[in-house]
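J.: I would like to see how this sequence folds:
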Amino acid sequence: MDGVEADYITYGTMLKCIANLVPPESIDNRNQLASKIFQRCAGSGFVNGLVLKEFKRCVSNDCLLDVAGDGGARMDRRKGGSSLDRLAASITLSSLPREWKANVLESRKESRRRGEKEKERNGESTGKPNQKRRQKKQEKKEDNEDNDIFYSVPGFQIVETSWQSGRDV
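T.: Model prediction:
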C-alpha cells in the first residue's frame, strides 16, 4: 500500500504472532522469522519495550544473543563464563544501540509534560485536571459561604444555623 509504513506496533504485533502461532518445536523457523523482523525493525529505528519483549518470547537465547547481544556477551558465551539465561536477561532496552530506537515516539506522559512546559512558557494554563477540579470546588465553596445562613429542606427552612447564634436547633 502506498504511504503506509510499519512502526513499532506493526513489528511488535508480528513478533507476537510468531510467538503465539509458530510451534515451539520448530525453533529454527521461529528464530529465522523473528530475527528478520527484528533486524528490519532495528534498521528502521523502531525498537521499543514491546518489540524487545516479544522478540525475547519468540527466539532462543542463542538467537537473542546473536541478534541483540553486544560483543562482550558473545565473548563470555564462547568462553562459557556465564549462563545463557543470565546473558539473555541482561539484554535490556537501555543496552541496545540508540539507532535502533531512534524513531520511537516518546511516551504519552513525556509528551504531556513537554506540552505543559510549552503552555507555561506561553502563559497558558497547564490544564491539569486535578487543579481544575480543586479550583472549581474552591469557587463553589466560596459561593456557598455567602448563602450559609439559609438552608432549605423541603417543608422546613432553617434561617439561622446553631454555630451562628450559639443556640442548638
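
J.: Any stretches of the protein with poor pLDDT?
T.: Filtered on pLDDT under 70, the chain yields the residue ranges 1-2, 70-82, 106-129, 141-169.

J.: Tell me which stretches of it form helices.
T.: For the chain, the helices defined by DSSP state H cover 8-21, 27-44, 49-58, 61-68, 71-79, 84-89, 108-121, 129-146, 162-165.

J.: what does the first one contact?
T.: The contact list for helix 8-21 (CB atoms under 8 Å, 6 or more residues apart in numbering) reads 30, 33-34, 37-38, 40-41, 44, 46-48, 50-51, 54-55, 57-58, 104. Bear in mind the C-beta positions are built from the backbone N, C-alpha and C, glycine included.

J.: Likewise for the third one?
T.: The set of residues external to helix 49-58 that reach it, using CB under 8 Å, 6+ apart, is 8-9, 11-12, 15-16, 18-19, 22, 30-31, 33-34, 38, 41, 64, 67-68, 88, 91-93, 96.

J.: Can you select the buried ones from those residues in PyMOL?
T.: Buried subset of those, written as a PyMOL selection, criterion 16 or more other CB atoms under 10 Å:
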select buried, resi 8+11+12+15+16+18+19+22+30+31+33+34+38+41+64+67+68+88+91+96
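
J.: What sits closest to F55 if chain neighbours are left out?
T.: For F55, ignoring the flanking residues on the chain, the nearest one in space by CB to CB, 6 or more residues apart in numbering is F38 at 4.9 Å.

J.: now that neighbour: how far from E25?
T.: Distance of F38 to E25, given as CB to CB, to the nearest Å: 21 Å.

J.: same question, S83
T.: 24 Å.

J.: and the two? which has more neighbours close in?
T.: Between S83 and E25, counted using other CB atoms under 10 Å, S83 has the larger neighbour count: 12 against 8.

J.: So what does S26 look like in phi/psi?
T.: Per-residue torsions, S26: phi -100, psi 60 (degrees, to the nearest 10).

J.: Just give me the neighbour total for it.
T.: Using other CB under 10 Å, S26 has 11 neighbouring residues.

J.: for the one 3 residues further on, same thing?
T.: By other CB under 10 Å, 12 other residues sit near N29.

J.: leaving aside the residues next to it on the chain, what's closest to it?
T.: N29 sits nearest to V22 (CB to CB, 6+ apart), 6.1 Å away.
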